[in-house]
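J.: give me the fold of what follows.
(chains A, B, C and D)
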2 protein chains.
Amino acid sequence: MSLSRISRKLDLSITTVSRALGGHSDVSSATRARVEAEALRIDYRPHEGARRLRRGRADAVGLILPTGIGRFDDPFFLRLLSAVGPALAEAGLDLLVSSAPPGDAELAAYRHMVEGRKVDAFLLARMRVRDARVDYLQNAAVPFVAHGRSSSKRPYAFVDTDGTQVVAQATSRLIGFGHRSIAFLAASGDLSFSIARESGWRQALTEAGLIATAIFQAEPTEAGGFDAMHALLCSVAPGDLQVSAVVCATDRMAVGVLHALAETGLRAGRDISVIGFDDHAFSTHTAPPLTTIAQPIEAAGRRMVAMLTQILAGADPETLFEIMSAQLIARASDGPAAEQSRIETTKGQTL
Amino acid sequence: MSLSRISRKLDLSITTVSRALGGHSDVSSATRARVEAEALRIDYRPHEGARRLRRGRADAVGLILPTGIGRFDDPFFLRLLSAVGPALAEAGLDLLVSSAPPGDAELAAYRHMVEGRKVDAFLLARMRVRDARVDYLQNAAVPFVAHGRSSSKRPYAFVDTDGTQVVAQATSRLIGFGHRSIAFLAASGDLSFSIARESGWRQALTEAGLIATAIFQAEPTEAGGFDAMHALLCSVAPGDLQVSAVVCATDRMAVGVLHALAETGLRAGRDISVIGFDDHAFSTHTAPPLTTIAQPIEAAGRRMVAMLTQILAGADPETLFEIMSAQLIARASDGPAAEQSRIETTKGQTL
DNA sequence: TTGAAAGCGTTACCAA
DNA sequence: TTGGTAACGCTTTCAA
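T.: Next up, the predicted model:
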């Protein structure tokens, strides 16, 4: 009842009003001005539903939060969301959010949005190496942009952080500090970002002629990091473990590691070095402040939206990608190996 | 083209198919069975836009994240989102998310959703004492359920945590520990939850015959907590400040406080007691592990959705509310005042 | 128990 | 440059 209201008021056809507002060229500028003035006056907004019905698209994009252990309250998603929100709004796109644990329920959530034509496209995050979402969406020919890569046969649009490169750099820093036995604490769950970071660690070690065997795995949460480090410290038979530094797949894990260390009386940054990844807000305030890697989540979010609009405008998703570099933030949780004893020694001293 | 597809296939009218699927009684069970079978076969889903247009409602609810300093990556929202997501899905409601900094842009975001008939209702969080969102929505007659209260003249539906009661309890615990000078670190920005918690602190102090003057304010973030505590420690002229415990409005602030303390060589839990609020995942792993208060965010989210569906079904929002109790989680950042010196003394010792 | 028809607000095609 | 008309897919009278 809205276009028609303007049309009646101005004694124009609905068609003309629609075209005037739609910015079509075949409207006299006088008419356009009148229409625009009236639209402004009554604060006209097109009815979304009607528009969708007619145009056959939703002008909305979906984002499904992976819930489940360790994922449901990760600051990563909030940062992504708040960057993506305004960018989408500017592009005239709505954001439909849902949440589901990875697996069947997750796929069902995607299907729900697709089949109800609720969205035109998706934003994916937390890619898994084998990612069923990619297969489904590619199959269903639903456009999407991902944050992170996975091993799909067909390429897709993505933005990613160069985790490999920067973790290699961080690991080299540790090597430069004199560390010779550097562990990597990986995230469980087939998460791509962890794999990439791990290979940076491996790469730096290999290049330095060191062996990359000290790899552990845990949930990408504080609890996961704590448990893993705790187990490591407990399991050590004197003279066995020689790890003097730990590179963690995420800041949250690093927080747990720091805790486990402190509990055993070990001082991160002196007795053992710890490096995280993400540079979340709390990482400045851990004890000691965490040396970590800042990745441009907000910029990535905006870039993802830009890609999405291109794809929606007809661009080929297979050619769209960007790999962003991350930056090491040196704080106090790592340091020279010189001052450090091997774990078992220190343990013997402090326990 | 979908109802019609079924209707053609089964040689029925679109009307009948619609009614069969809509669960109306005036369809023969035989017909209904045929329709349902076919719908299942082709995996029919009604077109949202069409439905909206016809029904005049969106079957969607909006949630606008308050961005801006200290808010954009608060775990609170993620926990709320992930609870609310499945609950809404079950109720057949979509969730539209956007983000905006409090102020004009925020109101514009609400207006945008309302006027585009994108949503039928809103979920509000982080209520402010004087909250323009409430005024706007009440005026526009758009239903909503809030997490938290504000000082509006007309009542509205809300779920809230009883911050007052539980903070009073926490403060009493501190008093029981022998603390006599207990500070409250409030969140800036007119945030209701902070006011409520503050009054719990004040109440406990007053009841114990102590004065409630040591109140400080900061952004509800790690950095805010750090800066406030840091300033407090620095500003202290020997013999001036006698604070031996700090109750923080949020866990994030408490993390910053812990950091500032550690930096000065003070040990939380011994030299000074710190209590947080929220029991976020990282609070188990701070140094020392944070004594805090767990509020039922997920349960609150689900309850909010339940209220929303009631309101959408015609219930009166003014009668709908629930105040949930929170629970003190004792960890290691607080303790007996006996072992503690006053700040200036300790400072003198350690600096 | 079923069907025909109208209409929700919009856009697009075609004709004037 | 403008307007009439149809159509998007659905629900809801009203009639049969």
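
J.: doesn't A:Lys118 make contact with A:Gly62?
T.: Yes: under the criterion of C-beta atoms under 8 Å, A:Gly62 makes contact with A:Lys118 at 6.9 Å. Where C-beta positions appear, they are placed from N, C-alpha and C, glycine not excepted.

J.: give me the common contacts of those two.
T.: A:Leu96 (C-beta atoms under 8 Å, 6 or more residues apart in numbering or on different chains).

J.: shaky segments in chain A?
T.: A:1, A:69-72, A:237-241, A:338-351 (pLDDT under 70).

J.: which bits of it sit near DNA strand D?
T.: A:11-16, A:19, A:25-28, A:30-31, A:50, A:53-54, A:56 (C-beta under 7 Å from any atom of the strand).

J.: separation between the nearest residue to A:Lys9 once chain neighbours are set aside and DNA strand D?
T.: In this structure, A:Lys9 finds its nearest non-sequential neighbour in A:Glu38, 5.9 Å apart by C-beta to C-beta, 6 or more residues apart in numbering or on different chains. Distance from A:Glu38 to DNA strand D, counting by C-beta to the nearest atom of the strand, to the nearest Å: 13 Å.

J.: pretty sure A:Glu38 is in a strand, no?
T.: No: under DSSP: H, G, I helix; E, B strand; the rest coil, A:Glu38 falls outside any strand and is assigned helix.

J.: could you pull out the helices for chain A?
T.: A:3-10, A:14-22, A:29-41, A:48-55, A:75-90, A:104-115, A:132-140, A:163-176, A:192-207, A:222-235, A:251-263, A:297-312, A:343-350 (DSSP state H).

J.: for A:Gln295, grab the count of nearby residues.
T.: 23 (other C-beta atoms under 10 Å in any protein chain shown).

J.: wait, it sits on A:Ala326?
T.: Yes: counting by C-beta under 8 Å, A:Gln295 touches A:Ala326, with 4.2 Å between them.

J.: joint contacts of the two?
T.: Common contacts of A:Gln295 and A:Ala326 (C-beta under 8 Å, 6+ apart): A:161, A:163, A:277.

J.: neighbour count and distance to A:Asp94 for those residues - can I get that in a markdown table?
T.: Conversion of those to a markdown table gives the following (neighbours: other C-beta atoms under 10 Å in any protein chain shown; distance: C-beta to C-beta, whole Å):
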| residue | neighbour count | distance to A:Asp94 |
| --- | --- | --- |
| A:Thr161 | 24 | 27 |
| A:Gly163 | 25 | 31 |
| A:Phe277 | 31 | 32 |
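
J.: the residues of chain A next to DNA strand D: which ones sit near DNA strand C?
T.: Within those, those near DNA strand C by C-beta under 7 Å from any atom of the strand are A:14-15, A:50, A:53-54.

J.: still on that earlier bit, filter the residues of chain A next to DNA strand D to the buried ones?
T.: Taking 16 or more other C-beta atoms under 10 Å in any protein chain shown as the criterion, what is buried in the residues of chain A next to DNA strand D is A:12, A:16, A:19, A:27, A:50, A:53.

J.: which among those gets closest to A:Leu233?
T.: Nearest to A:Leu233, judged by C-beta to C-beta, of these is A:Leu53 at 61.7 Å.

J.: what sits closest to the closest one if chain neighbours are left out?
T.: B:Gly49 (4.1 Å).

J.: what sits against the one you found?
T.: B:Gly49 touches A:48-53, A:58, A:117, counting by C-beta under 8 Å, 6+ apart.

J.: quick check: the farthest pair among those?
T.: Spanning the widest gap among these are A:Ala50 and A:Arg117, at 13.9 Å by C-beta to C-beta.

J.: is it true that the residue nearest to A:Lys9 touches A:Leu10?
T.: Yes: under the criterion of C-beta under 8 Å, A:Glu38 makes contact with A:Leu10 at 5.8 Å.

J.: between the buried ones among the residues of chain A next to DNA strand D, which sits nearest A:Gln242?
T.: Distance ranking of those against A:Gln242, using C-beta to C-beta, places A:Leu53 first at 66.7 Å.

J.: my guess is that closest one contacts B:His47, does it?
T.: Yes: the pair A:Leu53 / B:His47 is scored as a contact, 6.9 Å apart, by C-beta under 8 Å.

J.: in this structure A:Ala326 contacts A:Thr292, no?
T.: No: here A:Ala326 does not reach A:Thr292: they are 9.7 Å apart, not a contact under C-beta under 8 Å.

J.: please say which of the two ends up with more neighbours.
T.: Counted by other C-beta under 10 Å, A:Ala326 and A:Thr292 do not tie: A:Thr292 has more neighbours, with 29 against 22.

J.: so how far is chain B from the more buried one?
T.: 14 Å (C-beta to the nearest C-beta, to the nearest Å).

J.: pretty sure that residue contacts A:Ser283?
T.: Yes: in terms of C-beta under 8 Å, A:Thr292 counts as a neighbour of A:Ser283; the distance is 5.2 Å.

J.: shared neighbours, these two?
T.: With C-beta under 8 Å, 6+ apart as the test, A:Thr292 and A:Ser283 both reach A:251, A:254, A:276, A:331.

J.: what is the burial count for the first one?
T.: Residue crowding around A:Asp251 was assessed by other C-beta under 10 Å; the count is 28.

J.: so it sits right up against A:His280, yeah?
T.: Yes: using C-beta under 8 Å, A:Asp251 is in contact with A:His280, at 4.9 Å.

J.: contacts only, for A:Ala196.
T.: When contacts are counted by C-beta under 8 Å, 6+ apart, A:Ala196 is found next to A:149, A:160, A:162-164, A:167.

J.: residue contacts, the residue of the stretch 101-250 of chain A found nearest chain B?
T.: Here the stretch 101-250 of chain A gets closest to chain B at one residue, A:Glu115, 4.1 Å apart by C-beta to the nearest C-beta. A:Glu115 is in contact with B:43, B:45, counting by C-beta under 8 Å, 6+ apart.

J.: mind redoing it with 10 Å?
T.: A:140, B:43-48 (C-beta atoms under 10 Å, 6 or more residues apart in numbering or on different chains).

J.: out of these, the closest to DNA strand C would be?
T.: Set against DNA strand C, the nearest of these by C-beta to the nearest atom of the strand is B:His47 (10.9 Å).

J.: so what's A:Arg303 closest to, chain neighbours aside?
T.: Closest to A:Arg303 by C-beta to C-beta, 6+ apart is A:Val159, at 4.9 Å.

J.: picking that back up, what about the residue nearest to A:Lys9, how many residues nearby?
T.: Neighbours around A:Glu38, by other C-beta under 10 Å: 19.

J.: list the contacts for it?
T.: Counting by C-beta under 10 Å, 6+ apart, the residues that A:Glu38 touches are A:5-7, A:9-10, A:12, A:17, A:20-21, A:44.

J.: do A:Arg79 as well
T.: Counting by C-beta under 10 Å, 6+ apart, A:Arg79 touches A:278, A:280-281, A:295-298, A:300-301, B:67, B:72-73.

J.: do that again at 6 Å, thanks
T.: A:Arg79 makes contact with A:297, B:73, according to C-beta atoms under 6 Å, 6 or more residues apart in numbering or on different chains.
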